[in-house]
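*Asks:* need a structure here:
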Amino acid sequence: MAASGDRRNRSRVPLHWALRLFTQPGKPPAESVTENLSSEGLYCVTKERFKPGQRLQCEIVIPAAPGAESVVLDCHVTVRRVEPLHQGFGLGCHIEDYSLRPPL
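*Replies:* Reported below is the predicted structural model:
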């Protein structure tokens, strides 16, 4: 469980995995790196501003061990929090659902 005073149901782990956020088909994704991640949510920093409540398609690249191929976690997220930062915007997102895309 999360620490007292924290509204999260799951503990976040400080992982720095590449991710892409898609707003609509055909538009280039916003690229970022996770700051932390749990089974229910993630936090990242982007150059693009998103709105709270906005639903996005997300791809998180899970790095593989040497000699193996990375796996992609496909998920739908809802932006819960947007924080203006000097280098962009901090996004707190809730993961609605996810599936693993096997390596090619």
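
*Asks:* does the residue sitting furthest away from the middle of the chain sit in a helix, a strand or a coil?
*Replies:* Most distant residue from the mean C-alpha position of the chain: G67, 25.4 Å away (C-alpha atoms, centre = their mean). Following DSSP: H, G, I helix; E, B strand; the rest coil, G67 is assigned to coil.

*Asks:* Name all residues that make contact with the residue positioned nearest the centre of the chain.
*Replies:* The chain has L42 as the residue nearest its centroid, 4.7 Å off, counting by C-alpha atoms, centre = their mean. By C-beta atoms under 8 Å, 6 or more residues apart in numbering, L42 lies in contact with 19, 34-36, 58, 60, 77, 92-93, 95. Where C-beta positions appear, they are placed from N, C-alpha and C, glycine not excepted.

*Asks:* That one is in what secondary structure piece?
*Replies:* For L42, the host element (DSSP states H and E) is strand 41-46.

*Asks:* Just give me how far that strand sits from the chain centre.
*Replies:* 5 Å (C-alpha atoms, centre = their mean, to the nearest Å).

*Asks:* List the buried residues of that strand.
*Replies:* Within strand 41-46, the residues that count as buried by 16 or more other C-beta atoms under 10 Å are 41-44, 46.

*Asks:* ditto for stretch 16-32
*Replies:* If you call a residue buried by 16+ other C-beta under 10 Å, then stretch 16-32 has these buried ones: 17-21, 29-30, 32.

*Asks:* one step back: avg pLDDT for the strand holding L42?
*Replies:* Per-residue pLDDT over strand 41-46 has a mean of 97.

*Asks:* what pairs with it, and is each one parallel or antiparallel?
*Replies:* Sheet pairing for strand 41-46, assigned by DSSP bridges, gives strand 30-37 (antiparallel), strand 88-101 (antiparallel).

*Asks:* Mean pLDDT and distance to S11 added to those strands, as TSV?
*Replies:* Formatted as TSV, these follow (pLDDT from 0 to 100; distance: least, C-beta to C-beta, whole Å):
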stretch	mean pLDDT	distance to S11
strand 30-37	97	9
strand 88-101	96	14
